[in-house]
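Asker: Okay, here's the prediction I keep looking at, along with the sequence it came from:
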Amino acid sequence: MKSIEFGDLPKRFDIAEREAFWRDRWSALGVEKRDPEAPREKTYVIDSPPPTVSGSLHIGHIFSYTHQDILARYKRMAGWNVAYPMGWDDNGLPTERRVQNYFGVRAEPNVPYIENLDVEIERERAGLKKDQSLVISRQNFIEMCHVVTEMDETVFKDTFNRMGYSIDWSDEYATIDDKSRRIAQRSFLDLYEKGHVYQIEAPTMWDVDFQTAVAQAEVEDRDKGGAYHDIEFGVFEADAPIESFVISTTRPELLAACVGITAHPDDTRFKGLFGKHAVTPGFMVKVPIFPSTEADPEKGTGILMVCTFGDQTDVTWWREQNLELRQILGRNGRILDRTFGSDDGWASEDPERANANYRQIVGKRPPAAKSIMVDLLRDLENSATGNGAPLRDEPRPIQHPVRYYEKGDSPLEYLTTRQWFVRLLDKTDQMLEMGRKMTWHPEFMRKRFENWTENLNVDWCISRQRYFGVPIPVWYPLDDQGEPQYDGAIVATAEMLPVDPESATPPGYSPDQRGIPGGFVGEPDIFDTWFTSSLSPQTVARWGEVDDQMKSMFPMDVRPQGHDIIRTWAFYTIAKAMLHQESVPWHNVMLSGWVLDPDRKKMSKSKGNTVTPVETLDAYGADAVRYWSGSFRLGSDAAHDEAIFKIGGKLVTKIYNAGKFVLSQTAEDGPIVNELDRAFIAELKELVRRVTRAFENYEFSVALQETEKFFWGAFTDNYIELLKRRSRSEDDIAGRASAVAALRLGLNVMLRLFAPFVPTITDEAWSWVFAGETGNQSIHLASWPTVLELDAVAPPANAGSFQAASDAISAVRKAKSESGVSLNRELLRLELESDEQGENELRLVVDDVAAAGGANTIVFTRGTPSADWRYTAKIEPAEVEAKA
RNA sequence: GGGCGGUUAGCUCAGUUGGCUAGAGCGCGUCGUUGACAUCGACGAGGUCACAGGUUCAAGUCCUGUACCGCCCA
């Protein structure tokens, strides 16, 4: 029997040094490697989230990534060929913003490309001040995005490695790399062929700062202060005012864009107006008055103006009532230069006055335009009726929800632009069906997916007017006037991918035809970043590539992710798999909660309450941080609690010390024969059963808790203590062999149960003896403990033996503690009071109890157990051995 | 306004399909400790399981309602 010399191991476990050692060792042993040749049914595929590369990881990332690594390590030990890839989501606005801030640059079209651009030199040349941005070409900008994402990826990778994540880096990808771009464009081609995408020029939600369209999923409501402005309109018949009414609006700056008036059909106050025309004050524009059930009689004055466009209902009314389009807001969020009385849709009863007023707001942003409009409406000259100033009262402040792009700082506007969409509204039933085919952990998260799907009201807008992303692989022919023919879109062919239509030439054209009449023009837009990241399963499985592995990897087994991106990442991924493969993308979805600060607030950079993982890692080590993460249920939010890192650290120390102790015990080889040892193994068997079941149900925190409880309680506090004498006995050779064998088996099994949570300390302890015994160089290459494996040990004569011994030794400790006798003092005689059953149960293991209690003899007396005890130990002061 | 989750010891959280006396860690108190472990051990105190009804032989657990906290959506 190989054992260790206790003194050979350091007194303390050097966490930082050993974690570094084991990271290298795992990678040398290829612990994380999958076998690409293994069949699908032996493979367990994790669709791990590619983190957004936009600066730094925070502790919330670590929390959820740890959950998936715990799963990966468990599945690997349980015999699966685990595919655990990692990607980087470097597309999109977060990266662009970071580049803007990091380098102090801004991209604009029609700026020449500079080779080997040195920002500092160019800034100096342009004479820019600190807060001014250097304007650069799109291509230079994209190059900088690559530089920044590579930098960030290195940092992220370091942290992931320090956490001991068993990521298979041979499956690494980035959403901007060639393969991802090819697969994203392939996705578009497939959707185009199947008729699932379309482009349309229509009002869409628009962020005026980023100057791009946004999708429903990226919109959030924010409660903002605003004000109702009561404005009088005239009602005209035969070009003369016959009556008037007052509307309430929070956006008087859109008055020039007013194209209609509406009120609820049952509203008796306004019933007589329907079918007539109103005239707007200030601009004297005639607009129809129509009924609509969408109008809320309780809101404002009950009658309101319809503008192009104030909100989503304006869009609906505009469409349904076939109203004029009078768009006054430009893509940059400023009021456009328009002329009343000039062409169609801009008629006015008094063009001169309209234009005089309008000129005052041209070029302004909505807030400035608003205050100018309010002043204009205080002017009686601008009344449509001659009844006095159109603004009837001072503005009335209110709080109301305003729609924002989640990453934006200005309210969203509705602008008519041409955008590409994926048709999803007609497929919500199929989406719900897909949702039901998957198991959600925890189950209630399915509801969030269903709610979102049921409430979807716009198709998925996938085009973005940005730079750093995957180009939409499309060109448009130019007619004789050089105008793009959008209906004749030319889609790239499969062989061309990945392709940038801004530089590549479409089939059937020559490069010199770009931009000239009769030639072509490339689509300048890129995809929504979710369009690419929603293909993570297809990307990892190399869908459509020469080394396509869809058959051995798809559908995947599990998608781990945060619950905040169910409506985006989960939703779109399910949509893509449905549209492309007519399948679910995975069988399980596993949702981690958030990390809250100790005041129960969500950690975020803006609040300044974030904790960086690196400082936590430095303080406690990876195993302790993993312990913290593993102790929370899926889906539930976790407080960032220093105390739990400390407990994790204590567990690491305890495993180290218990391991050292157990493996330094020596004995002849021999079977596990003693009653107490067999009873202990029987308990261990039950533990293995429970922990395995918990893992299979994705209940990692239960698995950890069960193992931990057994380890501290049954194993270290009781079993080891009960065996201390026998495991060193000089005369009970068989008993000693049995004790040491059972101790080792117990340690061996528990190390494996702990391994997914605390991979370093368990592998360290494993390496001392078990690695050599089993031939498994790492515990992470060893197999998961099974009940079958423990069946080799015969069952105890009495199933209650271990419990009885534990209860009895507790009673002895209690008695010693209460009579102030130190625990290791010898007793000449120990009296144990119990009922008959208690005595019988203890008879088989009484020697171990006596040894552990330091009692020379145990005498049983009869008593009736109460709720609190089965055994009562009685110690006479005279029977305590004097101190040596 | 709709949906979801939570409310258990001073704190952070467990509590499987309803079933003996509601658990753990931290904190607190007392005691102990030089042959695994001071990053320690033992023992102890501490809970009307948010509230009100109901189902049941039996409810922290199931049902109904209420309150508060949080999240998602409108």
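Answerer: Received the coordinates, thanks.
Asker: would you list every one of the strands in the stretch 701-850 of chain A?
Answerer: For the stretch 701-850 of chain A, the strands defined by DSSP state E, counting those that start in this stretch occupy A:830-834.
Asker: no, scratch that, I was asking about the stretch 351-500 of chain A
Answerer: Under DSSP E, counting those that start in this stretch, the stretch 351-500 of chain A gives strands at A:396-405, A:413-422, A:439-441, A:460-461, A:463-464, A:474-477, A:490-491.
Asker: now for the ones you listed, which one comes closest to A:Val845?
Answerer: strand A:439-441 (41.4 Å; Cβ to Cβ). Quick note: C-beta positions are derived from backbone N, CA and C, even for glycine.
Asker: now the closest one, how far from the centre of its chain.
Answerer: Remark: strand A:439-441 is offset 15 Å from the chain centroid, using Cα atoms, centre = their mean, to the nearest Å.
Asker: From the contact counts, what lies against it?
Answerer: Strand A:439-441 makes packing contacts with strand A:586-592 when contacts are defined by 3 or more Cβ pairs under 8 Å, 6 or more residues apart in numbering; DSSP states H and E.
Asker: What strands line up against the strand it packs on, and which way round?
Answerer: Note on strand A:586-592: by DSSP bridges, its sheet partners are strand A:439-441 (parallel), strand A:556-562 (parallel).
Asker: Please list the residues of the stretch 351-500 of chain A that sit near RNA strand B.
Answerer: Proximity of the stretch 351-500 of chain A to RNA strand B (Cβ under 7 Å from any atom of the strand) is limited to residues A:Pro401, A:Phe444, A:Lys447, A:Arg448, A:Asn451, A:Trp452, A:Asn455.
Asker: how about CSV for the residues you listed, with pLDDT and neighbour count added?
Answerer: What follows is those, written out as CSV (pLDDT from 0 to 100; neighbours: other Cβ atoms under 10 Å):
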residue, pLDDT, neighbour count
A:Pro401, 85, 11
A:Phe444, 89, 11
A:Lys447, 89, 12
A:Arg448, 90, 17
A:Asn451, 90, 11
A:Trp452, 92, 19
A:Asn455, 88, 10
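Asker: Compile the residues you listed into TSV and extend it with columns for distance to A:Gln549.
Answerer: Shown next, in TSV, are those (distance: Cβ to Cβ, whole Å):
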residue	distance to A:Gln549
A:Pro401	46
A:Phe444	34
A:Lys447	33
A:Arg448	31
A:Asn451	34
A:Trp452	31
A:Asn455	36
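Asker: Widest-spaced pair of these?
Answerer: A:Pro401 and A:Phe444 (25.9 Å).
Asker: part of a strand, is A:Ile231?
Answerer: Yes. Under DSSP: H, G, I helix; E, B strand; the rest coil, A:Ile231 sits within a strand.
Asker: what about it, neighbour count?
Answerer: 27 (other Cβ atoms under 10 Å).
Asker: What of A:Ser533?
Answerer: 24.
Asker: Next, it: phi, psi?
Answerer: Phi and psi for A:Ser533, reported as degrees, to the nearest 10, are phi -70, psi -20.
Asker: For it, which non-adjacent residue is spatially closest?
Answerer: A:Asp89 (5.2 Å; Cβ to Cβ, 6 or more residues apart in numbering).
Asker: Which pLDDT value belongs to the one you found?
Answerer: Confidence at A:Asp89, expressed as pLDDT, is 90.
Asker: Can I get stretch A:117-134 in PDB, CA atoms only?
Answerer: C-alpha atoms of stretch A:117-134 as PDB (Å, rounded to 0.1, in the frame of the first residue of the first chain):
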ATOM      1  CA  LEU A 117      -2.700  54.900 -39.000                       C
ATOM      2  CA  ASP A 118      -1.100  56.400 -35.900                       C
ATOM      3  CA  VAL A 119      -3.900  58.100 -34.000                       C
ATOM      4  CA  GLU A 120      -1.600  60.400 -32.000                       C
ATOM      5  CA  ILE A 121       0.200  61.700 -35.000                       C
ATOM      6  CA  GLU A 122      -3.100  62.300 -36.900                       C
ATOM      7  CA  ARG A 123      -4.600  64.000 -33.900                       C
ATOM      8  CA  GLU A 124      -1.700  66.300 -33.600                       C
ATOM      9  CA  ARG A 125      -1.800  67.100 -37.300                       C
ATOM     10  CA  ALA A 126      -5.500  67.900 -37.100                       C
ATOM     11  CA  GLY A 127      -4.900  70.000 -34.000                       C
ATOM     12  CA  LEU A 128      -7.500  68.300 -32.000                       C
ATOM     13  CA  LYS A 129      -8.200  69.000 -28.400                       C
ATOM     14  CA  LYS A 130      -8.500  66.300 -25.800                       C
ATOM     15  CA  ASP A 131     -12.300  65.900 -26.000                       C
ATOM     16  CA  GLN A 132     -12.400  66.000 -29.800                       C
ATOM     17  CA  SER A 133     -12.600  62.900 -31.800                       C
ATOM     18  CA  LEU A 134     -10.400  62.100 -34.800                       C
END
